[in-house]
Structure formats: structure tokens, C-alpha cells
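Student: quick one: sequence plus predicted model below, questions after.
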Amino acid sequence: MSQLITAEDEQGQRLSIDELRQQLLVLLFAGHGTLSSALTSLCLNLALYPDILARCRDEQRQLAAAGLSSIEALNSMPYLEKVLLENMRLVPPVNGGFRKVSRTCEFKGYQFPEGWQVVYMIGLTHRETEVYELPDQFNPERFESARAADLSRSAHYTPFGSGMRECLGREFARLEMRIFASRLVRDYSWELIESQDLDYTVIPVPVPKDGLKVHFKKL
């Protein structure tokens, strides 16, 4: 916030109060709402797939027994990393975005004139049956290291967007998720409270309609 307030352009002009307000709202949405959504869906998916949670927990116990430092441990969680990747595939924190057509083009027989605004849908991209077998199933094994790299390069996996306007906070968000998830599965167990609506509302970010109610217990 202090950097936004003091930032100046080439003519020495600073952002107006209204511009500052808009920028701060964007930061709150991009840096808080999306991360909260990803971590909420992670808690839900791990609760729904206890075998996957057990494997995550075993990996964390092995790391603790090995006595790795925090940095080493965070870089030594291959299974948890696949779980996080699959979680963002199934429930991307942002479901899509807007782009302006820079030049007239054609796709699958449809023409898109220059200047039109188009919407790209991350959620639909992540469920393409030509790319993902049983796309509605939570399956971290589909993200072996080579496979994950291929998906990102081909734009079949874009939880943070793609191209020049890919999310600037991508690596920071991934680090936050890894730290949170490792502490969560290592130190806590949780159960879903009955009689709640687990279907997602997706605007502005995906969250269960009843907010995901759980009972936590420290291990």
C-alpha cells in the first residue's frame, strides 16, 4: 500500500484516491480471495478422499523423521505437490477471464473480429476429456512431473492464467499453499459436518455454498 501511495509516473503524477481504492481491491481479491478459495477446496477434497489424505500425511511424517530443514522439506513433497496441482485443476481459484481480440481470427469455424471481448474458461479447459481421463475425478497421479510440465506448456492447465498476463503472484501463492497444506495434514484431522451444501458457487471465487463447515482436531 505504501508503494502504491508513493509511486509516481514520468511526469511526477501519483495515483488518485479512487485509483488507489481500485488497486487495493484488486490486491485483496487476487491475493486473499483466490488463495482462500484454493485452500478451502483442498480441505474439502482431502476430506472426501481419505486415502489421498493418508498418503499426504505419511509423506509429511517421513520428512519430519528425516529431520530436513524447512526449505529442504518444502522442496521434498512430490506427492503433496501433485495433490495441490490436481486440486487447482478440479477447482481453479479463478474460473476464467476476459481478453480483447487483437486481430481477427478464426477458431473451429467461428470468426472472432478484432476488438471483440472474449471470455476464456479455465474450469472447462481443465475438464477436457481429450486431455484428462475421468476429468471429474480427483486424481493427483495424473500430475507426474513430466506430465505436469507438458500440460502447462500446452495451455491445458492454466489455474494462474497463461501468457504475458499470467498471475504475477503464482510462485508466492504456490509456496503459501504448500506451507499451509503441509502443516494442516501433519498436525490436524478434520471431519465434514453433516447436512451442508457442498456444491460450489463460483462467483467471484469458488467456495461451497454453506462455506464448508468442519470439525478440526489437533493430532
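Tutor: Alright, I've got the coordinates.

Student: report the buried residues of the lowest-mean-pLDDT helix or strand in the chain.
Tutor: Lowest mean confidence among the helices and strands of the chain (mean pLDDT, DSSP states H and E): helix 145-153, at a mean of 75. By neighbour count with 16 or more other Cβ atoms under 10 Å, helix 145-153 contains the buried residues 148, 151. Just so you know, the C-beta spots here come from the backbone N, C-alpha and C atoms, and that holds for glycine as well.

Student: how many other residues sit next to the nearest residue to residue 114 once chain neighbours are set aside?
Tutor: Leaving aside its sequence neighbours, residue 114 sits nearest to residue 104 (Cβ to Cβ, 6 or more residues apart in numbering; 4.7 Å). For residue 104, the neighbour count with other Cβ atoms under 10 Å is 11.

Student: quick one: residue 104 and residue 113 touch, right?
Tutor: Yes: proximity of residue 104 to residue 113 meets the contact threshold set by Cβ atoms under 8 Å, at 5.2 Å.

Student: phi, psi of the residue nearest to residue 114?
Tutor: phi -60, psi 130 (degrees, to the nearest 10).

Student: could you measure from it over to residue 110?
Tutor: 12 Å (Cβ to Cβ, to the nearest Å).

Student: ok, now residue 149?
Tutor: Counting by Cβ to Cβ, the gap from residue 149 to residue 110 is 30 Å.

Student: what segments of this protein are strands?
Tutor: Assigned by DSSP state E, the strands in the chain fall at 96-100, 105-107, 110-112, 117-121, 188-192, 200-201, 207-208, 214-218.
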